[in-house]
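*Asks:* Got a sequence here, can you build the structure:
(one chain, ligands or ions: 1)
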Amino acid sequence: MSQHSDINDTINSLDTTDEQTSNNTSAPIDTDTNARHEIEPGSDKHIRIVNTFMKRRTHMNKNAELALTAPEFSEYLVNNSFGNGDLSGIDDLRALFADSPNGSDAPLTLEIGFGLGDSFIEMAAAEPARNFVGVEVHEPGIGKCAYMAGTQNLSNVKIINGDAIQLLKQLPENHIDRIQLYFPDPWQKKRHYKRRFVSPERMAIVTRSLKQGGWFHTATDWEHYAFWMVEVLDGFAGLTNKAGAGNFTDRPDFRPMTKFERRGLERGHGVWDLIYIKD
Ligand SMILES: C[S@@+](CC[C@H](N)C(=O)[O-])C[C@H]1O[C@@H](n2cnc3c(N)ncnc32)[C@H](O)[C@@H]1O
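*Replies:* Numbers count the residues shown, from 1 in each chain. Take a look at the predicted model:
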């Protein structure tokens, strides 16, 4: 199934409207409108940012709230700012572990959009010699994830509240060993395809911060997005499909089943994993 026309339509729509992915900015997300508006650097042009997420207002359970406020969990929260997502000054993920047992040179994984964090924490607990940073915009999930890290006394986890695209733009080149994006929002309607995380322009931002030989690992339960992803990623210069062009990979043992994956399977969806290596 070729998605060429869908992908090209999306790129064209990004070019012909004033909507763009975020430029380097510390502008916080407006939690009422879920939009970010910025003044383009060097001009007075107003630009509206296309986010890959929709902020959800869901119930915050007591443990999540505790973790977002109690000092014993603060070591996990890089920017403990309720509803804000201010990423100012976060420009080095390795430095976050300078005082931890692993130190800052240990292999580093960044998970984008960990949701409630169950599978992210399971991976971090299973690989204590690797450092794990998670970035999410959903505060109940951030709180729950910090709570699990704290109750398991993990020393290799840090959590960032904010937009992963904005964060990645602030990081150095060749910085991260693995970037994982599990079951990203599929944005099923054609007019929303431009919100899909896997797009040529967002992949340029992801790839820049990956180390040479580093991995980008993604998985989805949405068939249209799976074939869209393989087309975007196979066509992206600088990345090589570990399973060979056009192929998906089996779920590797190190990736636990995620909450959204389980929900997809219950609805009869398939699951497609993709791993790409930076050349
Ligand atoms: C469909 S959920 C999947 C959650 C989890 N990975 C799982 O499989 O259960 C996608 C998550 O990605 C988050 N997300 C989407 N775009 C993001 C971005 N640009 N930065 C940070 N988080 C993002 C959303 O808030 C949401 O929690």
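*Asks:* count of neighbours near Ser155?
*Replies:* Applying other CB atoms under 10 Å, we find 15 residues neighbouring Ser155. To be clear about C-beta, it is placed using only N, CA and C from the backbone, and glycine gets the same treatment.
*Asks:* Name the SS class of it, please.
*Replies:* coil (DSSP: H, G, I helix; E, B strand; the rest coil).
*Asks:* residue contacts, it?
*Replies:* 100-102, 128 (CB atoms under 8 Å, 6 or more residues apart in numbering).
*Asks:* measure it to the ligand for me?
*Replies:* Relative to the ligand, Ser155 is positioned 23 Å away (CB to the nearest ligand atom, to the nearest Å).
*Asks:* Backbone dihedrals for that residue, both of them.
*Replies:* With angles defined as degrees, to the nearest 10, Ser155 sits at phi -110, psi 0.
*Asks:* Quick one: the contacts of Ser155 as a markdown table, columns for neighbour count too.
*Replies:* Formatted as a markdown table, these follow (neighbours: other CB atoms under 10 Å):
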| residue | neighbour count |
| --- | --- |
| Ser100 | 16 |
| Pro101 | 10 |
| Asn102 | 16 |
| Pro128 | 14 |
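*Asks:* Of these, just say which sits nearest to the ligand.
*Replies:* Closest approach between these and the ligand, by CB to the nearest ligand atom: Pro128, at 21.4 Å.
*Asks:* can you tell me which residues contact that closest one?
*Replies:* Taking CB under 8 Å, 6+ apart, one finds 102, 154-156 in contact with Pro128.
*Asks:* What helix or strand is Trp228 located in?
*Replies:* Using DSSP states H and E, Trp228 sits in helix 223-234.
*Asks:* try Asn247
*Replies:* Using DSSP H and E, Asn247 falls outside every helix and strand.
*Asks:* any idea how far Gly115 is from the residue nearest to it when sequence neighbours are not counted?
*Replies:* Among residues not flanking Asn247 along the chain, Asn241 sits closest, at 6.5 Å (CB to CB, 6 or more residues apart in numbering). Computed as CB to CB, to the nearest Å, the Asn241 to Gly115 distance reads 26 Å.
*Asks:* Thank you, goodbye.
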